[in-house]
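Trainee: Sequence plus the predicted model coming up.
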Amino acid sequence: MSQIVLFAEGDQQTRFLMKEIAFELCFEAELANDGMGCLRAIQDNPGRYALIIMDMNIPNDHSFEAINMIKRALSESGKTVPMVCTTTDTRETLVRAWKSLGVDMVLQKPYSIEKISEVLSCFGIDHGGLDRCGGSIVLEC
């Protein structure tokens, strides 16, 4: 089974941070600039990814629409890939709405190497870093 994490983030500095975290935790990550880039990656190779981590506040991206299209593409391919949404806006109504679309977890920004390690552990992604799951940093698990 694939252990590649697909990470969609509009902010260049945050993408750089994720590359550094991936290196430090010894897991493979591929980066997309937005939800549509994430969708294209899924459509090109739906069985390639073990986890999707996607920012919900990407400029020019409609998060609800992107989630629907990604979930539809996965469904049409017969694949299931867990999805984690990252956001600074953790209003309960938004979290519930994302969860209703099939989002498995909502992770509040800013995040750290410890938060990403916890998310990877929750979804069974092999990594060589911190190994703990559960705690206050994850809003929905």
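Mentor: That came through, no problem.

Trainee: tally of neighbours for the residue nearest to residue 110 when sequence neighbours are not counted?
Mentor: Leaving aside its chain neighbours, residue 110 sits nearest to residue 88 (8.0 Å; criterion: CB to CB, 6 or more residues apart in numbering). (Glycine included, C-beta is placed from N, CA and C.) For residue 88, the count of nearby residues is 10 (other CB atoms under 10 Å).

Trainee: Give me the residue ranges of this structure where confidence is low.
Mentor: Low-confidence segments of the chain, defined by pLDDT under 70: 1-2, 59-61, 129-141.

Trainee: need the helices for the chain, in chain order.
Mentor: Secondary structure of the chain (DSSP state H): helices at 12-25, 35-44, 63-77, 92-100, 113-122.

Trainee: Make CSV out of these and add distance to residue 54 and mean neighbour count.
Mentor: Formatted as CSV, the helices of the chain follow (distance: least, CB to CB, whole Å; neighbours: other CB atoms under 10 Å):
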stretch, distance to residue 54, mean neighbour count
helix 12-25, 11, 15
helix 35-44, 6, 19
helix 63-77, 7, 17
helix 92-100, 10, 14
helix 113-122, 12, 21
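
Trainee: Go ahead and flag the most central residue of the chain.
Mentor: In the chain, the residue lying closest to the centroid (CA atoms, centre = their mean) is residue 53, at 0.9 Å.

Trainee: my guess is that one meets residue 8, correct?
Mentor: Yes - under the criterion of CB atoms under 8 Å, residue 53 lies in contact with residue 8, with a separation of 7.3 Å.

Trainee: re the thing from before, look up how far residue 78 lies from the residue nearest to the centre of the chain.
Mentor: 22 Å (CB to CB, to the nearest Å).

Trainee: By residue count, tell me the biggest strand in this structure.
Mentor: Longest strand in the chain, counting residues (DSSP state E): strand 49-55.

Trainee: what separates that strand from the chain centre, distance-wise?
Mentor: How far strand 49-55 lies from its chain's middle: 3 Å, per CA atoms, centre = their mean, to the nearest Å.

Trainee: Would you list the strands that it pairs with, along with their directions?
Mentor: strand 4-8 (parallel), strand 83-87 (parallel) (DSSP bridges).
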